[in-house]
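Enquirer: just the structure for this:
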Amino acid sequence: MSDSYFPRWRPVQSRAADMVVQPDERLSWPQNIAMGAQHVVAMFGSTILAPLLMGFDTNVAILMSGIGTLIFFVFVGGRVPSYLGSSFAFIGGVIAVTGYAGAGPNPNIGVALGAIIACGLAYTIIGLAVWWIGARSGGGAQWIDRLMPPVVTGAIVAVIGLNLAPIAAKGAMGGSTFEALMALMTVLCVGGIGVYTRGTVQRLLILVGLLLACVLYAVLANGLGLGKPMDFSGVAAAPWFGLPRFASPTFDAHAIGLIVPVAIILVAENLGHIKAVSAMTGRNLDVYLGRAFVGDGVATMVSGAAGGTGVTTYAENIGVMTVTRIYSTLVFVVAALIAIVLGFSPKFGALIQTIPGPVLGGMSVVVFGLIAVAGARIWVVNQVDFSDNRNLIVAAVTLVLGAGNFSVEFGAFKLDGIGTATFGAIILYALLRGRGAGRA
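Expert: I've put the predicted structure just below:
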C-alpha cells in the first residue's frame, strides 16, 4: 500500500492482448475514453431499468450514477475499480411504501427518497465500523464474512428476485393478449442475445435485448396497428441539454423501517465485488472494504437527496473488466463524466420514456429472475454444503420468508419480506452456527 492517498498512475507502455492493466496504471487518453464509454454502455440497461420500474426520473438516476462513482473513487483513493449504478435491491421496498402502480412518474417519490437516505446512512455507519476495525487489525472483512457467509448472502440475494416476482408477472401480463405476448417476445429477445451471440453484444444482453424488443414492438404496434403505438413526439420536443427532474425527500418512519434493511444487501453486494476484483487483479483489496462501504453509502445518500435511486457496485462492469483485463480506475472517472453529461440531456430522458410498458414487463421478468439465480450462483461458486442441516434450514426459511413477503411490525418500525428474510437469515445462522461442521 502506497503512502499517498491516491496512487501515482503509471503509464502502460505496451498493450499486449493478454496483459493485465492494474488499478494503478493508466492507458492513453483515447483508450481511456473508449473504455469509459464501454463501461457506460455496460451499466446503461440496468441503470435505466431500475428507475423506470420505481417511477423515478431516468436522467437523475444516470446523473447520480456518475456522481456516485466519483464519490466512491474518492473514498477508496482511486484504488478499487468500480462503477456505481441503480440498485435493484430497493425496488420492492420503494413500491411497497409509495404504492406505485407502474405508469409514469412516482407521485409519492419523496417518502421513498427519505428512506433511501436513511438506508445510505445505515450503510455508511457499517462501513465506518469496518474501516475502523480494518485500521486497527489490518483487515476488517473477517467479521463480515463470519456474520454473512455464502449461505446467508446467497439466500439474501435470491430473495430479492423472488420477492419481486409478482411485480414482474403483473407487468408482463399487461392489459391485453398483445401486451402479454410482447412481454414474452422481450424475454425471448434477451434470451436469444444471451445464448446466440458472442463478445461485446452478448455482454450487453440487457441493452441490446431491450433495443431489439422496442424495434419489434414498433413494427407490430406503429406499423401493423396491433397495439398502442410508441409516441416519439416528446423526444422531438425535448431540448438537448437541461436540468433533470430533481425531487426532495420526506422522512417517514414506516418507509424507513421497510427500506433500511436493504443496507445489509448492499454490504453483501459490495463484499462480493471486492472479492471478485481482488481475484481478477491478484491483489488483496480487503483493506479498502470499509472505505468502499462508506463511499457507496455516501453516494446513496447524495443520490436520494437529489431524487435518484440507491446505488451499488455493478456486476455488469465487472464483466467488462473480466473480458478486457483493464482495471485502471481512471477509466471509471471517464465513465462517470460521460454519465453526468447524459444526465443533463432531456432529449435522452424523453427517449427512455418511449419504452413500451410490455417491454419493461418482459425485461423485469428477466432481470428479477437473474437476481434470484445470482443468489443460487453464490452457493454453487462457494460450494455451500446443503447436506449440513444448518445451511439447509437457513436457506429454506430465508427463501420462504422473502418469497411469501412475510412482514413483522414493531410500532412504527416494520420489516417487509426482504427485510425480514435478511435479518432472519443472519440471526438464524448465528443461532445455529454452534452445531454442524459443513462448509457454509
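Enquirer: alpha carbons only for contacts and neighbour counts from here, please
Expert: Will do.
Enquirer: what ranges do the helices span in the stretch 151-300 of the chain?
Expert: 177-196, 199-203, 205-217, 233-237, 253-259, 262-281, 289-306 (DSSP state H, counting those that start in this stretch).
Enquirer: so which of these gets nearest Ala169?
Expert: Ranking these by proximity to Ala169 (CA to CA) places helix 177-196 first, at 9.6 Å.
Enquirer: keeping just the C-alphas, turn that closest one into PDB.
Expert: Output of helix 177-196 as PDB, limited to C-alpha atoms (Å, rounded to 0.1, in the frame of the first residue of the first chain):
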ATOM      1  CA  THR A 177     -53.200 -10.500 -25.100                       C
ATOM      2  CA  PHE A 178     -50.900  -8.500 -27.400                       C
ATOM      3  CA  GLU A 179     -49.100  -6.900 -24.400                       C
ATOM      4  CA  ALA A 180     -48.600 -10.300 -22.700                       C
ATOM      5  CA  LEU A 181     -47.200 -11.800 -25.900                       C
ATOM      6  CA  MET A 182     -45.000  -8.800 -26.400                       C
ATOM      7  CA  ALA A 183     -43.600  -9.300 -22.900                       C
ATOM      8  CA  LEU A 184     -42.800 -12.900 -23.800                       C
ATOM      9  CA  MET A 185     -41.200 -11.700 -27.000                       C
ATOM     10  CA  THR A 186     -39.000  -9.400 -24.900                       C
ATOM     11  CA  VAL A 187     -37.900 -12.400 -22.800                       C
ATOM     12  CA  LEU A 188     -37.000 -14.300 -26.000                       C
ATOM     13  CA  CYS A 189     -35.100 -11.300 -27.300                       C
ATOM     14  CA  VAL A 190     -32.900 -11.100 -24.300                       C
ATOM     15  CA  GLY A 191     -32.500 -14.900 -24.100                       C
ATOM     16  CA  GLY A 192     -31.600 -15.000 -27.800                       C
ATOM     17  CA  ILE A 193     -28.900 -12.300 -27.400                       C
ATOM     18  CA  GLY A 194     -27.500 -14.100 -24.300                       C
ATOM     19  CA  VAL A 195     -27.300 -17.500 -26.000                       C
ATOM     20  CA  TYR A 196     -26.700 -17.000 -29.700                       C
END
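Enquirer: contacts only, for the residue nearest to Ala292 when sequence neighbours are not counted.
Expert: Closest residue in space to Ala292, ignoring its immediate chain neighbours: Val76 at 5.8 Å, by CA to CA, 6 or more residues apart in numbering. Taking CA atoms under 8 Å, 6 or more residues apart in numbering, we find Val76 in contact with 288, 291-292, 295.
Enquirer: and Val302, by the same measure?
Expert: By CA under 8 Å, 6+ apart, Val302 lies in contact with 64, 68, 117.
Enquirer: identify the residues contacting the closest residue to Lys228 other than its chain neighbours.
Expert: Leaving aside its sequence neighbours, Lys228 sits nearest to Ala221 (CA to CA, 6+ apart; 5.9 Å). Applying CA under 8 Å, 6+ apart, we find Ala221 in contact with 227-230.
Enquirer: neighbours around Ser28, how many?
Expert: Ser28: 10 surrounding residues under other CA atoms under 10 Å.
Enquirer: gap between it and Gln353?
Expert: 36 Å (CA to CA, to the nearest Å).
Enquirer: before we move on, back to that, quick one: closest of the helices of the stretch 151-300 of the chain to Asp57.
Expert: helix 289-306 (10.5 Å).
Enquirer: packing partners of the helix or strand that comes right after that closest one?
Expert: Following helix 289-306 in sequence order, the next helix or strand is strand 311-313 (DSSP states H and E). Applying 3 or more CA pairs under 8 Å, 6 or more residues apart in numbering; DSSP states H and E, we find strand 311-313 packed against strand 84-86, helix 262-281, helix 289-306.
Enquirer: pick the most deeply packed of those.
Expert: The densest packing among the helices and strands packed on strand 311-313, expressed as mean neighbour count by mean count of other CA atoms under 10 Å, is seen in strand 84-86 with a mean of 30.
Enquirer: that strand pairs with which strands, and in what direction?
Expert: Using DSSP bridges, the strands paired with strand 84-86 in its sheet are strand 311-313 (antiparallel).
Enquirer: average pLDDT for the strand it pairs with, rounded please.
Expert: The average pLDDT for strand 311-313 rounds to 89.
Enquirer: give me the contacts around it.
Expert: Contacts of strand 311-313 (CA under 8 Å, 6+ apart): 65, 68, 82-87, 266, 269-270, 273, 296, 299-300, 303.
Enquirer: Tyr123 versus the residue positioned nearest the centre of the chain, what's the distance?
Expert: What sits nearest the mean C-alpha location of the chain, by CA atoms, centre = their mean, is Ser87, with 3.2 Å. Distance of Ser87 to Tyr123, given as CA to CA: 14 Å.
Enquirer: same deal with Ile378?
Expert: 22 Å.
Enquirer: and of the contacts of Val76, the nearest to Arg8?
Expert: Nearest member of the contacts of Val76 to Arg8, counting by CA to CA, is Tyr288, at 17.2 Å.
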